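1. One predicted model, sequence on top.
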Amino acid sequence: MPDPVIIAAPDGSIAEAMIYADPPALIAGATEFIATLAAEAIAGRGRFTIALSGGNTPKPVYERLALAPLDWARVYVAFGDERCVPPDDPRSNYHMSRVALLDRVPIPAANVLRMRGEDPPEEAAARYADDLRKVLGENGRLDLVLLGLGDNGHTASLFPGLAAVAETTRTVVACYVEVVGMWRLTLTPPPINAAQRVAFLASGEGKANVLHIVLQGPRKPVELPAQAIRPTERPAVWLIDAAAAAKLERRMEAR
């Protein structure tokens, strides 16, 4: 496990990074990070709530997490976002997570909160907000939100220029994303920032430039929605490999 590094931005804000040598080390480290938080939450509070991310980077992490000796009956799985497609569509985040993780562990079906991408988008968003409220409580919060980072600075389905990036009251919204030509469902910044831990996963040299801009460039959250994620509990942790971290500057060891 690498030592944590503090990444300082020009405006004085900070992020915590765990920089791994290569993708296999990142997969192992991210799995250990999630499993450790889960075990601690279950031991301390009786359950663990996590919002999963879609994309290629987390899939091998989920496959490895399926081997972790967790008390899966006490794990509750939500999703950070979803494409508005049926649950068996290969583009579905739920489908990917089910194949990589959920079908491979003894988690009760009732513990999986699926975003219903096949339903009318606005109805699906309202239903998911209600589902989260029932599981977490009126003022409850997730233990961990996993996020990815798009080349354009988007995270979850918070894309540049969308009103969802500046949402302050609703926890889940439906939005039509012009750049990908489809409807998406997404958690908004408030429930993400309220989570006890927020972790971004990023890998490869193709992420180096956007990672540098998001963490150490000018603050423009509407243009770079990942900058809208500023957790209230403690800084987000970035689980990244050396290639993705190549352009980061002003590093300090965390104390």
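-> Sure, I can see it.
2. Stretch 233-243: how far from the chain's middle?
-> Taking C-alpha atoms, centre = their mean, to the nearest Å, one finds the center of stretch 233-243 at 11 Å from the center of the full chain.
3. next one: stretch 204-222
-> Worked out by C-alpha atoms, centre = their mean, stretch 204-222 lies 17 Å from the chain centre.
4. In that stretch, which residues are buried?
-> Lys207, Ala208, Val210, Leu211, His212, Ile213, Val214, Leu215, Gln216, Gly217, Pro221 (16 or more other C-beta atoms under 10 Å). All C-beta spots, glycine's among them, are computed from the backbone N, C-alpha and C.
5. how close does the last one sit to His154?
-> This means Pro221. 11 Å (C-beta to C-beta, to the nearest Å).
6. now the helix or strand harbouring Ala78: mean pLDDT?
-> According to DSSP states H and E, Ala78 maps onto strand 75-79. Here strand 75-79 scores 98 as its mean pLDDT.
7. pull the longest helix from this structure.
-> Using DSSP state H to define each element, the chain has its longest helix at helix 23-45.
8. need the next SSE after that one, C-terminal direction.
-> Past helix 23-45, the next helix or strand by DSSP H and E is strand 48-52.
9. what about the nearest residue to Arg114 once chain neighbours are set aside, how many neighbours?
-> Spatial nearest neighbour of Arg114, chain neighbours left out: Tyr94 (5.1 Å); criterion: C-beta to C-beta, 6 or more residues apart in numbering. By other C-beta atoms under 10 Å, the residues close to Tyr94 number 25.
10. In a strand, Tyr94, correct?
-> No. Read with DSSP: H, G, I helix; E, B strand; the rest coil, Tyr94 is helix and lies in no strand.
11. Now do it against Val172, distance only.
-> Distance, Tyr94 to Val172, using C-beta to C-beta: 15 Å.
12. for Val198, helix, strand, or coil?
-> Classified using three-state DSSP, Val198 is strand.
13. circling back: put the alpha carbons of the longest helix of the chain into CSV.
-> Backbone C-alpha positions of helix 23-45 (Å, rounded to 0.1, in the frame of the first residue of the first chain) are rendered in CSV as follows:
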residue,chain,number,x,y,z
PRO,A,23,-2.9,-1.0,-13.1
PRO,A,24,-2.6,-4.4,-11.3
ALA,A,25,-1.4,-2.7,-8.2
LEU,A,26,-4.2,-0.2,-8.5
ILE,A,27,-6.8,-2.9,-8.8
ALA,A,28,-5.4,-4.7,-5.7
GLY,A,29,-5.1,-1.4,-3.7
ALA,A,30,-8.6,-0.2,-4.6
THR,A,31,-10.1,-3.6,-3.6
GLU,A,32,-8.3,-3.5,-0.3
PHE,A,33,-9.5,0.1,0.3
ILE,A,34,-13.1,-0.8,-0.3
ALA,A,35,-13.0,-4.1,1.7
THR,A,36,-11.3,-2.4,4.7
LEU,A,37,-14.0,0.4,4.8
ALA,A,38,-16.7,-2.2,4.5
ALA,A,39,-15.4,-4.3,7.3
GLU,A,40,-15.0,-1.3,9.5
ALA,A,41,-18.5,0.0,8.8
ILE,A,42,-20.0,-3.4,9.4
ALA,A,43,-18.1,-3.8,12.7
GLY,A,44,-18.9,-0.3,13.9
ARG,A,45,-22.5,0.3,12.6
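14. Ser92: what's it in contact with?
-> Neighbouring residues of Ser92 by C-beta atoms under 8 Å, 6 or more residues apart in numbering: Glu82, Arg83, Val85, Pro86, Gly117.
15. And the third one, how far from Phe33?
-> Between Val85 and Phe33 the distance, using C-beta to C-beta, works out to 29 Å.
16. just Pro58 next, same as before
-> Separation of Pro58 from Phe33 (C-beta to C-beta): 12 Å.
17. got it, and His95?
-> Remark: distance between His95 and Phe33 (C-beta to C-beta) = 24 Å.
18. go on, Met182?
-> 31 Å.
19. Looking at those two, which is more packed in?
-> Each of Met182 and Phe33 has its neighbours counted (other C-beta under 10 Å); Phe33 has more, 20 against 15.
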